[in-house]
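Engineer: model this:
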Amino acid sequence: MEILLVLGVLHILLILTAISCGRSYFNKGRIAGMEEATREIVRGICPHYEMPEKVVPDQVAKALDAIQSFAGSPSSAKGVQRHHSKIRIFGDAIGSACWRKGFLACREQMLPRRDKIRIDLSLDELTQLASLAHLGFKKMMPNDRAIEMIRFNGEQHALAVSRAVDRLEFAIPEASRPADHSATRHAMIRNWWPPERKIA
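Structural biologist: Predicted coordinates:
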């Protein structure tokens, strides 16, 4: 009877050992699979987050080092969870690096070249400036004899157009910017629409 009891205990211990070994090999396989998947992801995605001259961002380099240093860790369930957390940090670092590279590339593409100036104008401002440019072009032609019938329909219209021209002139570098054009335009508006005329 004692022999059967001992054999039963040994059999149970053997089963528990086999289960423990199986879990250990399973967890080792999971970690090895995650490491291999991470390496493949790095190979495929590195052109998207590397900065010029193939410089790896610090965040991504630290996350990669943390994953690679995990290779000799115990193959327990807690070890797998820790590996999961390091992979999440790695994914977040890659996402941030890709976003940053895309943002910098977009900003560089959207910014004007050094010899160009870019300004934002509303549709109304563009329309008013186009009308003024067309009128100015006609007046510059040597054969222009006609009296242009385009006129401001009031002080507010004149002020709005003057503000649009002000914005256009303000975009010109200060060294080349006309100094007295804005003051002249406002003086012309004040002379044509003086306060006493508005009160009357």
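Engineer: where exactly do the helices run in the protein?
Structural biologist: 2-49, 58-68, 77-110, 123-140, 155-170, 181-192, 195-199 (DSSP state H).
Engineer: out of those, flag the one nearest residue 117.
Structural biologist: Residue 117 lies closest, by CB to CB, to one member of the helices of the chain: helix 155-170, at 9.8 Å. Using the backbone N, CA and C atoms, a C-beta is placed for each residue, glycine as well.
Engineer: buried stuff in the closest one?
Structural biologist: 158, 161, 162, 164, 165 (16 or more other CB atoms under 10 Å).
Engineer: domain parsing for this structure?
Structural biologist: 2-110, 123-199 (automatic domain parsing).
Engineer: quick check: the gap between the residue lying closest to residue 128 once chain neighbours are set aside and residue 58.
Structural biologist: Leaving aside its chain neighbours, residue 128 sits nearest to residue 161 (4.6 Å; criterion: CB to CB, 6 or more residues apart in numbering). Computed as CB to CB, to the nearest Å, the residue 161 to residue 58 distance reads 52 Å.
Engineer: could you do residue 11 as well?
Structural biologist: 55 Å.
Engineer: and stretch 163-172, C-alpha only, in CSV?
Structural biologist: Output in CSV follows, covering the C-alpha atoms of stretch 163-172 (Å, rounded to 0.1, in the frame of the first residue of the first chain):
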residue,chain,number,x,y,z
ARG,A,163,-6.8,96.7,-45.0
ALA,A,164,-6.3,94.0,-47.7
VAL,A,165,-3.6,96.0,-49.4
ASP,A,166,-2.0,96.7,-45.9
ARG,A,167,-1.8,92.9,-45.3
LEU,A,168,-0.2,92.4,-48.7
GLU,A,169,2.4,95.2,-48.1
PHE,A,170,3.1,93.9,-44.5
ALA,A,171,4.2,90.6,-46.0
ILE,A,172,7.0,92.5,-47.9
